[in-house]
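Trainee: have a look; sequence and predicted model below, questions after that.
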Amino acid sequence: MLCALIMAGGKGSRFWPLSTEEKPKQFLNLTGEDTMIQMSVKRLEKLIPIERIFIVTGTRYFDLVMEQLPNLPRRNIIMEPVGKNTAPCIALSAFHINKIYDNATIAVLPSDHLIQDEESFLEVLNSADEFVDENKEAIVTIGMKPDRPEIGYGYINYKHMSCTKNGCEIRHVEKFVEKPDLNTAKEYLKDGKYLWNGGMFIWKAANVLRLTKKHLTNTFEVLSEIAAASEEDYSRVLNEKYNDVDNISVDFGIMEKVKEIYVIPSDFGWDDVGSWESVERYREKDCNNNVCMGNVRNFDGSNNIIISNGKPIVIAGLQDIFVVENDDMIFVGNKDEIEHIKELKSKIV
């Protein structure tokens, strides 16, 4: 029984000032007409019915999820009172899903990724599901074949092949590595056995809980107490106890300690929409290479990123700048500085 768990609790600070804590990037339409979370759900519905698609997010975003995904059952929204990184939220969700679907397999997926070849992506998910169903203590991750020496992503180093499923190679993972410097990224690309880590994992709900109990004992004990609460007391116990879990990523907390972990090398046009540069790669541009979103008029400007959230923005004769407007401010800068927007935010807000 394949279920999807979409992680939608991030704050998207690299997309500030358009992305805010009140409405982070997963609820914005950065690369198309639909928001990132809507795109994620529509993609998955071709393989998994909406009843088996779950969203884990912050309590404050419940209304946004309901507004943007009106067909999603309310029970499928799993709320964190406070963000404690990925390991606790995945385990919390595994407890929840395991109550609803016996023997569930969970595909843990981010809410903010772009996937161009959706059919190939769903074939990979289906192959991973079949493999995990046959190997119940295995974890399958999805690694993207790199086409450039990217320093913004973590990498997966793989070794020998375990088997194939429906034409998909399934290989043993040698190790996960953090974001490299440029020279190291070039070496990875040349080596040919390194893949971009997309943060996607397919595993049994029971295995999530087993590994959490083994490697993150405190988190498991806290979540067990929450899961045991009655329906009437659940929200109260969750709010009282959740802050006691470990603040740790699933990569550090579990993945780096597990031997039965595999990767499917994939090439379905993936991108982590994690920065303005990634939006520029995929958003439609005008004849002068401008990305314009919202109420924008451009006269003789070129190679700009102009984002209006309502107020009209007029650009005349400017090149290589970005302008982002939200309800509180208008932010203008050279495009060369846009990658430092997160650091600039800390000086202003």
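Mentor: On my side now, so go ahead.
Trainee: residues of the helix or strand hosting Ile90 that come out buried?
Mentor: According to DSSP states H and E, Ile90 maps onto helix 86-100. The neighbour-count check on helix 86-100 (16 or more other Cβ atoms under 10 Å) flags 86-98, 100 as buried. Quick note: C-beta positions are derived from backbone N, CA and C, even for glycine.
Trainee: what does that helix contact?
Mentor: Helix 86-100 is contacted from outside by 3, 5, 7, 9, 54, 56, 75, 78, 80, 83, 104, 106, 108, 199, 205-206, 208-209, 212, 216, 219-220, 223-224, 226-227, 242, 245-254, using Cβ atoms under 8 Å, 6 or more residues apart in numbering.
Trainee: can you name every helix or strand that the helix or strand that comes right after that helix contacts?
Mentor: For helix 86-100, the following helix or strand on the C-terminal side (DSSP H and E) is strand 105-110. Helices and strands touching strand 105-110, by 3 or more Cβ pairs under 8 Å, 6 or more residues apart in numbering; DSSP states H and E, are strand 2-7, helix 36-44, helix 86-100, helix 118-134, strand 194-204, helix 205-215.
Trainee: tell me which strands the shortest one pairs with, and in which orientation.
Mentor: This points to strand 2-7. strand 53-58 (parallel), strand 105-110 (parallel) (DSSP bridges).
Trainee: pull that strand out as PDB, backbone CA atoms only.
Mentor: Taking Å, rounded to 0.1, in the frame of the first residue of the first chain, the C-alpha atoms of strand 2-7 are listed here in PDB:
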ATOM      1  CA  LEU A   2       1.900   3.000  -1.300                       C
ATOM      2  CA  CYS A   3       1.300   6.300   0.500                       C
ATOM      3  CA  ALA A   4       3.000   9.700  -0.200                       C
ATOM      4  CA  LEU A   5       4.200  12.000   2.600                       C
ATOM      5  CA  ILE A   6       4.900  15.500   1.300                       C
ATOM      6  CA  MET A   7       7.000  17.600   3.700                       C
END
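Trainee: where do the strands of the stretch 151-300 of the chain begin and end?
Mentor: 155-165, 168-177, 194-204, 261-266, 270-272, 291-293, 296-299 (DSSP state E, counting those that start in this stretch).
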